[in-house]
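1. using only what follows, build the 3D model:
(4 chains)
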There are 2 protein chains.
Amino acid sequence: MVTIDDVAKKAGVSKATVSSVFSKKRPISKNVTERVLHVAKELNYMPNHVARSLATKKTMIIGLKMPMREFELSSFENKVINGVVTQCTKHGYRVLLDRINDDMENDLMSKDPVDGIILYNLKNEDEWIEQLKRTNIPFVLIGRPNEADRDTKFVGNNNVEIVKEVVEFLIEKGHQDILFLNSALGMTVTEDRKEGLKQAFENYSLPFREEAIVYNDPNKYEHASDYGYQATLERLESDKRYTAIIAETDRAAFGVLRAVRRLGVNIPNDLSLVALSNNETIASETNPRLTGVELFPEKLGEEAAKIVVNMLNNQLVPREKIVPAKLIERNSCTQNQTNFP
Amino acid sequence: MVTIDDVAKKAGVSKATVSSVFSKKRPISKNVTERVLHVAKELNYMPNHVARSLATKKTMIIGLKMPMREFELSSFENKVINGVVTQCTKHGYRVLLDRINDDMENDLMSKDPVDGIILYNLKNEDEWIEQLKRTNIPFVLIGRPNEADRDTKFVGNNNVEIVKEVVEFLIEKGHQDILFLNSALGMTVTEDRKEGLKQAFENYSLPFREEAIVYNDPNKYEHASDYGYQATLERLESDKRYTAIIAETDRAAFGVLRAVRRLGVNIPNDLSLVALSNNETIASETNPRLTGVELFPEKLGEEAAKIVVNMLNNQLVPREKIVPAKLIERNSCTQNQTNFP
DNA sequence: GGAATTCATTAAACAGGTTTAATGAATGAC
DNA sequence: GTCATTCATTAAACCTGTTTAATGAATTCC
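-> The predicted structure is shown next:
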């Protein structure tokens, strides 16, 4: 492999000079610059990124760690990645995409070749966070950490408010028996969503029923939509009261749609449906068009990237950055008729 | 930052010993191993990935370079990424995701900190390929390169055969006037698809009309579905003969769906529609359910990763690896009625 | 019991850049 | 013409690991 020494020797200058020509950190006379560049092209020389990183203690890479349980990334995760990549690229960083799994075999792992890290993890107790703290590489979370953890920076949606808004939206449409297909236990989102549900019911002085909440079990369902499908079948068959369903994700909502077709239940006439996410392309093509909440996942990714970059520049960053969400009303919800017979 | 020297000193051994303990490349007595590990934990030491890479000339990272014109990654690209990540992870590699754009300002770039590269690029003339050849980092393409380029390895679908099959499928359903919404000019896929169209028509001794092909123009349409929408409106309004449309992607097919709703044309009764991709979740939820071709993008990603890994292990790899595709028939195509009045 | 072999350990060289402090030539000041 | 200043260039140290060749202790062999 051709190194800086080869170029230096052939160009008749020192390696320091060649280094300066490429890094542009020190002025080199036009004459010398040209000679070096010419020799470099001739020899097909390119600076070695790894060696440079070792010397400068910078890699210009940001690590993005995503737990991937399902084989396929959801559209949401996909957009988060895209936001991160877009923003990192804009600031001259590249992204090292790391698929992580929950069963940490990551003990004696080495220190990642990254300047900063974005951890996409929604778990309540996350060993990764502890690990990252030890490396003292700046990092930020997507999704809020444990309440007790006051140091860790994060970006996220206000999930309490979102669910509260959705539930109140349904209550005002006359729905009181709402089946809530929540995400999996052990995640902070799940807690927040439940809290939002509770608050909405309290706000309207309606009884809050724990039994109306189902929790996803990623180990049980291979695809996210299976969760929506199964849960809907099981709950709706045993309990006829529900007039509305809130689904964790659009994927889960598709499962609901499938189940409902099978049960001969009509959306929105017999049942209203809201998804706690919003895949624009899909939601507009389903029948009926799906009401959902736009969480702006690409924005989450972007903000996370911005924060890491700011940390790398030693700027002050807030503990939390909340990305506002937006309820998108389409055709899957209507006024509840059952109360007005 | 705590280094191997600190650990060595405190544990009373040489750095070589500490190195061996962590890299496990040389046996170290149980006593010493324990002492070193203990000190390491005490000092919170982790081997520096960058320094290690410099010494071993290996980063255990594979670069994935994706041109991203649109802000949002398509589900297809998303799946490709996922396939790459999955397979790389399986082989102990991580993925450096690089967003590249066409206007190469990438001249004096440095040599990437990767062991191998996967280039997702479908362009016919691709400067990146030339650049990569100069770095002599092993690389593989997703999508076939220029005909003239016999060295470059690639994985891809057999796009000629795929389109041929789709067109013959439509011809056998009585369709002869097929509007083909092809991908953008200058890409090898686009050429191949056109060739497939041609071959099918020749095979059935039907006249091949260049005018029945539209080419996508990514600069013109912000979203892929706009292409399908606009092109359908324009072509169908000016020319009533078409009884079938083949759309470049499912996104484009959504655009067709939108346009067709506006035109009051019914699918499949008035018009059959096939997408040259297949987003399972979406295709099953549209109305009517969309007939498409499953290209197995995650498989493309996986195979590309496998090939790079094989190259890194100095194994022989074939010039091309073709991933078989599959026509998935749903409800958007029927027998053409117009010929049987 | 001494030579041959095995085994764990280490000193020193190495990977390929950057950076600091020193050098010496060119320019400017008076 | 001499001294001070500026400027481009460089030798050498440094970044943090791995690896080779050498060392010396422990074990095996006859």
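2. CA atoms for contacts and neighbours, from now on please.
-> Will do.
3. could you point out the helix or strand that follows whichever strand or helix holds residue A:169?
-> Assigned by DSSP states H and E, residue A:169 belongs to helix A:159-172. With elements assigned by DSSP H and E, the helix or strand that comes after helix A:159-172 is strand A:178-184.
4. tell me which strands and helices the helix or strand residue A:66 falls within is in contact with?
-> Per DSSP H and E: residue A:66 is located in strand A:61-67. With contacts taken as 3 or more Cα pairs under 8 Å, 6 or more residues apart in numbering or on different chains; DSSP states H and E, strand A:61-67 sits against strand A:94-100, strand A:116-120.
5. make JSON lines out of these and add mean pLDDT, distance to residue B:319 and mean neighbour count.
-> Shown next, in JSON lines, are the helices and strands packed on strand A:61-67 (pLDDT from 0 to 100; distance: least, Cα to Cα, whole Å; neighbours: other Cα atoms under 10 Å in any protein chain shown):
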{"stretch": "strand A:94-100", "mean pLDDT": "92", "distance to residue B:319": "28", "mean neighbour count": "23"}
{"stretch": "strand A:116-120", "mean pLDDT": "96", "distance to residue B:319": "37", "mean neighbour count": "25"}
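6. quick one: which of those is nearest residue B:114?
-> The closest of those to residue B:114 is strand A:94-100. By Cα to Cα, the value is 10.7 Å.
7. can you pull out the helices in chain A?
-> A:4-11, A:15-23, A:30-43, A:49-56, A:75-90, A:127-135, A:159-172, A:188-203, A:224-238, A:250-263, A:280-283, A:297-312 (DSSP state H).
8. may I ask which helix or strand of chain A has the lowest mean pLDDT?
-> helix A:280-283 (a mean of 78; mean pLDDT, DSSP states H and E).
9. send me that one as CSV with only the CA atoms.
-> Provided in CSV are the C-alpha atoms of helix A:280-283 (Å, rounded to 0.1, in the frame of the first residue of the first chain):
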residue,chain,number,x,y,z
GLU,A,280,-48.2,8.7,4.8
THR,A,281,-48.0,6.5,1.7
ILE,A,282,-49.7,3.6,3.2
ALA,A,283,-52.3,5.3,5.4
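10. where does pLDDT dip in the stretch 201-341 of chain A?
-> In the predicted model of the stretch 201-341 of chain A, residues A:338-341 satisfy pLDDT under 70.
11. get me the contact residues on it for chain B.
-> Applying Cα under 8 Å from any Cα of the partner chain, one finds that the stretch 201-341 of chain A approaches chain B through A:251, A:254, A:282, A:285-287.
12. which of those residues sits closest to residue B:258?
-> Nearest member of these to residue B:258, counting by Cα to Cα, is residue A:285, at 8.9 Å.
13. quick check: chain neighbours aside, which residue is closest to that closest one?
-> Leaving aside its sequence neighbours, residue A:285 sits nearest to residue B:286 (Cα to Cα, 6 or more residues apart in numbering or on different chains; 5.3 Å).
14. doesn't residue A:287 make contact with that neighbour?
-> Yes. Residue B:286 is within contact range of residue A:287, at 6.9 Å (criterion: Cα atoms under 8 Å).
15. out of the two, which sits in the busier spot?
-> residue B:286 (21 against 15; other Cα atoms under 10 Å in any protein chain shown).
16. flag the shaky bits of the stretch 51-200 of chain A, pLDDT-wise.
-> Using pLDDT under 70, the stretch 51-200 of chain A drops low at A:69-71, A:102-108.
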